[in-house]
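Student: Give me the fold of what follows.
(2 chains)
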Number of protein chains: 2
Amino acid sequence: MPTHAAAPAHDATRLLAIDWGTTSARAYALDAQGRILSQRNEPLGIQRVKDGDFAGCLATLGAGTVDTVPILACGMIGSRQGWVEAAYRDCPAGLREIAAGITPVPGARMSIVPGLIHSDRGGVPDVMRGEETQILGTVDSEAFQIVVLPGTHSKWAAVEGGAIREFTTYMTGELFAVLREHSILGRMMDEPGTHEDDAAFERGAAWSLRDGAALTHDLFSARTLPLTRALAPTAIGDYLSGLLLGAEIAAARHWMNQRAPRGAAVTLVGDAALCARYLAALRVAGIQASLGPEHASATGLWRLANHAGLLKS
Amino acid sequence: MPTHAAAPAHDATRLLAIDWGTTSARAYALDAQGRILSQRNEPLGIQRVKDGDFAGCLATLGAGTVDTVPILACGMIGSRQGWVEAAYRDCPAGLREIAAGITPVPGARMSIVPGLIHSDRGGVPDVMRGEETQILGTVDSEAFQIVVLPGTHSKWAAVEGGAIREFTTYMTGELFAVLREHSILGRMMDEPGTHEDDAAFERGAAWSLRDGAALTHDLFSARTLPLTRALAPTAIGDYLSGLLLGAEIAAARHWMNQRAPRGAAVTLVGDAALCARYLAALRVAGIQASLGPEHASATGLWRLANHAGLLKS
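Tutor: Numbers count the residues shown, from 1 in each chain, chains lettered A, B, ... in the order given. Sure, this is the predicted structure:
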């Protein structure tokens, strides 16, 4: 399936499903069985929409289908900074609860999936937008499972009976980006951004997964190890990435062990290269995981549209 | 004592003592008792020295004294990126061990204090440059004590018998800077950089000091609390600062409790405003601390020069 192919006004299209995020948007033309007929990826995330011209961006994303089929979007397009705010829904939330919060965009054939909000045991809220749809597109059983969505703000969700019961966020991707681009650790890197030194990555992950790890201290080892020639400058980026993923997994393992029954499945959903690194770090932590479907948001949007009766229109 | 007064070619000057860091340099004219006759602070840190003209910067810092009195400098001036590398010394290290590593600068009357290196129990090295001198200028007893030096890379040192036995670094200040200036948390702040909301600061510190805290997760609360109007946009900076100081103190408390006898003194050395915030966060953690001397590096440099026999020349 070519990523940049125009989404055609295909006769079989029954839903235009859009995962519309902060920096980019991906539109899928789906048939009556939810199969992907075509897809289109554009740098039209909500931060890049000029003068509030969401309708113009939608026309680009839909390429001729926007007046003929229903459209359902998820992600930051439903945030306060998006087109129309789709208010957060509480957990637990499955297809029914999330579909009930779908919010129409006045003057367009498009509706927007709400995000989720959940307060942890200390009363501090956590939020997601877009990941709830990916989770709904991933889960095919009623059994308890953990779905992990790596990214700028990684999410771990506890799912049971088809409903998202709780979730927790880690700012791993954003921390990596700001440390690589703006800190002394990045200035020491020979080739920032490359990720090829698996041993350095696993070394970092293992270091953060040890008892007594403390990230604000351990980050400094990405400076002192190269300084003492105990880590190659070309390996700093992978080591730092390992430290950060390890810190996420150490905290999330604790979170998971308080919730998940022994042997609960762990499923990774997201960018393939990033998921491969999470798989490697999870192995270091002794956690078995498998990969979820590639286009989970398309499937989730189709299931939600179906549940909400949008496909009949 | 005016900060920007020129250091004069004062007859009583017996040592020009320079704390020469990455971004700035502070020079002190000291008399035979180590008292400060004058001081001068210039933005001539090693990152800002043009074309390797350290001698020219020294002439500016010394203002006429550089050919008449001995000069001792500490800090990043002795790093690989500085004027002359003063190789790291191992811990434990007191006046004698550190003075033994003082390294002359060829062609100048100046010598440079070495930094310290120490490997933690997992074999990962930690380093300091400049703080060893501040510690030597702070400690006046043989008793066990903890000296805390807040900053870009905060240091906690265990000192006994006048020697630095072990130390540990936290990248707290740098994390705060990159998150405030480059992350989504900074973009949400109404007035980044202000530090006036003590309640928000202490709330953040307490949250990071709770059992089960995990920084990469907890940082996200600096986004979700304002999003749900549970924290004012003007308070995000203080809350974030509290989260980061709390995370440092949580980890350092664990480190300290493994080393320090009950009731060991904790002394804070550094910028007055920053030390005040550390005092507040330490109070949240139930740790009593007191403030060290204001010009610890000047005193430390004088003690080292005296011990090394530099004052006789």
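
Student: residue contacts, A:Ala214?
Tutor: By Cβ atoms under 8 Å, 6 or more residues apart in numbering or on different chains, the contact list for A:Ala214 reads B:170, B:247, B:250-251, B:254. Every C-beta, even on glycine, is put in place using the N, C-alpha and C of the backbone.

Student: Give me the subset of those residues lying in strands.
Tutor: B:Tyr170 (DSSP state E).

Student: Give me the subset of the contacts of A:Ala214 that also touch chain A.
Tutor: B:170, B:247, B:250-251, B:254 (Cβ under 8 Å from any Cβ of the partner chain).

Student: okay, those residues in JSON lines with neighbour count and pLDDT next?
Tutor: JSON lines is the format used below for those (neighbours: other Cβ atoms under 10 Å in any protein chain shown; pLDDT from 0 to 100):
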{"residue": "B:Tyr170", "neighbour count": "29", "pLDDT": "98"}
{"residue": "B:Ala247", "neighbour count": "29", "pLDDT": "98"}
{"residue": "B:Ala250", "neighbour count": "21", "pLDDT": "98"}
{"residue": "B:Ala251", "neighbour count": "23", "pLDDT": "97"}
{"residue": "B:His254", "neighbour count": "11", "pLDDT": "95"}
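
Student: Closest one of these to chain A?
Tutor: Chain A lies nearest to B:Ala251 out of the ones next to chain A among the contacts of A:Ala214, by Cβ to the nearest Cβ, at 3.3 Å.

Student: Show the pLDDT at the residue nearest to that closest one when sequence neighbours are not counted.
Tutor: Leaving out its chain neighbours, the residue that sits closest to B:Ala251 by Cβ to Cβ, 6 or more residues apart in numbering or on different chains is A:Ala214, at 3.3 Å. On pLDDT, A:Ala214 comes in at 97.

Student: Alongside chain B, which residues does the stretch 1-150 of chain A contribute?
Tutor: Residues of the stretch 1-150 of chain A found near chain B (Cβ under 8 Å from any Cβ) are A:117, A:122, A:124-127.

Student: Those residues in strands, which ones?
Tutor: Reading strands off these with DSSP E, I get A:117, A:125-127.

Student: Looking at those residues, spot the one nearest chain B.
Tutor: Once Cβ to the nearest Cβ is applied, the member of these that ends up nearest chain B is A:Pro125, at 4.5 Å.

Student: what residue ranges in chain A score low on pLDDT?
Tutor: A:1-10, A:191-195, A:313 (pLDDT under 70).

Student: Which residue is most remote from the mean position of it?
Tutor: A:Thr228 (37.1 Å; Cα atoms, centre = their mean).

Student: Correct me if wrong: that one contacts B:Ile117.
Tutor: Yes. A:Thr228 is in contact with B:Ile117 according to Cβ atoms under 8 Å; the separation is 7.4 Å.

Student: shared neighbours, the two?
Tutor: Taking Cβ under 8 Å, 6+ apart as the contact rule, A:Thr228 and B:Ile117 both touch B:Pro125.

Student: how would you label the residue lying closest to A:Gly101 once chain neighbours are set aside: helix, strand or coil?
Tutor: Nearest in space to A:Gly101, with sequence neighbours left out and distances taken as Cβ to Cβ, 6+ apart, is A:Pro114 at 3.6 Å. Classification of A:Pro114 using DSSP: H, G, I helix; E, B strand; the rest coil returns coil.
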